[in-house]
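Enquirer: Here you go, sequence then predicted model.
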Amino acid sequence: MSEQKIGYLGPKGTFTKMAVDALFDGGSYVSYDNIPACLDAVESGEIGTGVVPLENAIEGSVHLTIDYLVHQVSQSIIAELTVPIKQHLLVHNQHHGEEIAKVYSHSHAIAQCHQYLHKNYPGAELEYTASTGKAAEIVASAGPGVAAIGNHLAAEENGLKMLDAEIHDYDNNHTRFAVVQKTPHTLKVKDHPVSKHKTTVMVTLPKDYVGALHQVLAAFAWRKMNLSKIESRPMKTGLGNYFFLIDVDQPYDQVLFPGVQAELEALGCQLKVLGTYPSYQIDVPTPVQKA
Ligand SMILES: O=C(O)C(=O)C[C@]1(C(=O)O)C=C[C@@H](O)C=C1
């Protein structure tokens, strides 16, 4: 297994690559075209570590990542990092005022800029790509008349111009990325302070048990364990069957968590730990060079 290899959602110029560059100190990087390909490579041992987007402050969870981690692979979250996200409208270097017929980007990036696009480019066709970096690559080979939504790195890497800067609809735009491994091992990270330690658990409830979710939350509440996120996702086994993903603001320990687990199992629930990890908040540089 290649432990030193760190895979990420590529190609060049994605936000995930910016996150990888900000967090790790050395190692060799491998780009994957989409999130499942990156997680599959971790699963098969082709790479030791994967970095994938988890949640955006404007658009919410990246369901593809969550569902893949829960249903398709068996990996642990070993770290998370949150970075600021600045979306720009990128065009070909030879673009000189042509009408923009099409805007390419990742679905989350387009969603972060919906009002901007609605106001400024109501007639443009929107086409989803597997990443913002891929959208920039398409625009570089397509020529003038189309645009990509992406970051300054995608503009640099693909020789694009920034037609409009910071086009996301809400200022406080951040994305959380998960660092995952199949066989947990330590990697060298840059000297960032850890902002907190978290534990993510998945809880499945028994069918038709009145007040089950209330009792699950009570098991954490009376132990004074702070929850920073709770989200339900379909089990994919039929309508009405859900699991809950819960982020607890503390590291896994041998007293409180086993206590919660025993209490929940007595109710007929199941609890699985998806990871206990340091959380970093990194302020990556986001220069703006508008054309
Ligand atoms: O397309 C990229 O650049 C990514 O890294 C993916 C992604 C995401 O999935 O949310 C990451 C950050 C931004 O929120 C937009 C897109």
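Expert: Nice, I can see it.

Enquirer: Please make it C-alpha for all contacts and neighbour counts, starting now.
Expert: Will do.

Enquirer: Minimum distance to the ligand, which residue of the stretch 101-250 of the chain gives it?
Expert: Residue nearest to the ligand within the stretch 101-250 of the chain: S131 (3.2 Å; Cα to the nearest ligand atom).

Enquirer: Where does the prediction get shaky in the stretch 1-150 of the chain?
Expert: Where the stretch 1-150 of the chain drops to pLDDT under 70, the residues are 1-3.

Enquirer: next SSE after the helix or strand that E55 is a member of?
Expert: Using DSSP states H and E, E55 sits within strand 49-56. For strand 49-56, the succeeding helix or strand toward the C-terminus, using DSSP H and E, is strand 60-61.

Enquirer: quick check, that following strand touching the ligand?
Expert: No: applying Cα under 6 Å from any ligand atom, one finds strand 60-61 out of contact with the ligand, separated by at least 8.1 Å.

Enquirer: Sheet-wise, list the partners of that strand with their directions.
Expert: Strands that pair with strand 60-61, judged by DSSP bridges, come out as strand 49-56 (antiparallel).

Enquirer: Quick one: name the residues of this protein near the ligand.
Expert: Within the chain, the positions adjacent to the ligand are 14-16, 53, 56, 62, 106, 108-109, 131-133, 175 by Cα under 6 Å from any ligand atom.

Enquirer: give the contact list for the residue of the stretch 101-250 of the chain closest to the ligand.
Expert: L9, G10, P11, T14, D33, N34, S105, H106 (Cα atoms under 8 Å, 6 or more residues apart in numbering).

Enquirer: In this structure the third one contacts Y29, no?
Expert: This means P11. No: using Cα atoms under 8 Å, P11 makes no contact with Y29, being 11.1 Å away.

Enquirer: who's in contact with the most centrally placed residue in the chain?
Expert: Central residue of the chain (Cα atoms, centre = their mean): P53, 1.5 Å from the mean position. P53 is in contact with T16, V62, T65, T175, R176, F177, A178, counting by Cα under 8 Å, 6+ apart.

Enquirer: can we see that at 6 Å?
Expert: For P53, the contact set (Cα atoms under 6 Å, 6 or more residues apart in numbering) comprises F177.

Enquirer: That one bridge partners, please.
Expert: Going by DSSP bridges, P53 is paired in beta bridges with F177.

Enquirer: so how far is V179 from it?
Expert: Using Cα to Cα, to the nearest Å, P53 is found at 9 Å from V179.

Enquirer: ok, now A142?
Expert: For A142, the distance to V179 (Cα to Cα) stands at 33 Å.

Enquirer: Show me which of those two is the more surrounded one.
Expert: Counted by other Cα atoms under 10 Å, A142 and V179 do not tie: V179 has more neighbours, with 23 against 13.

Enquirer: mind listing the helices for this structure?
Expert: For the chain, the helices defined by DSSP state H occupy 15-23, 35-44, 63-67, 107-112, 114-120, 132-142, 152-158, 212-221, 256-266.

Enquirer: Now the shortest one: buried residues?
Expert: Using 16 or more other Cα atoms under 10 Å as the burial criterion, the residues of helix 63-67 that qualify are T65, I66.

Enquirer: can you list the residues that contact it?
Expert: Residues external to helix 63-67 that are found in contact with it (Cα under 6 Å, 6+ apart): none.

Enquirer: Run a quick check on A148 versus K134, I expect a contact.
Expert: No: counting by Cα atoms under 6 Å, A148 sits too far from K134 to count as a contact (9.0 Å).

Enquirer: Which residue of those two possesses the greater neighbour count?
Expert: Taking other Cα under 10 Å, A148 and K134 do not tie; A148 has more neighbours (35 against 26).

Enquirer: separation between the more buried one and G50?
Expert: 25 Å.
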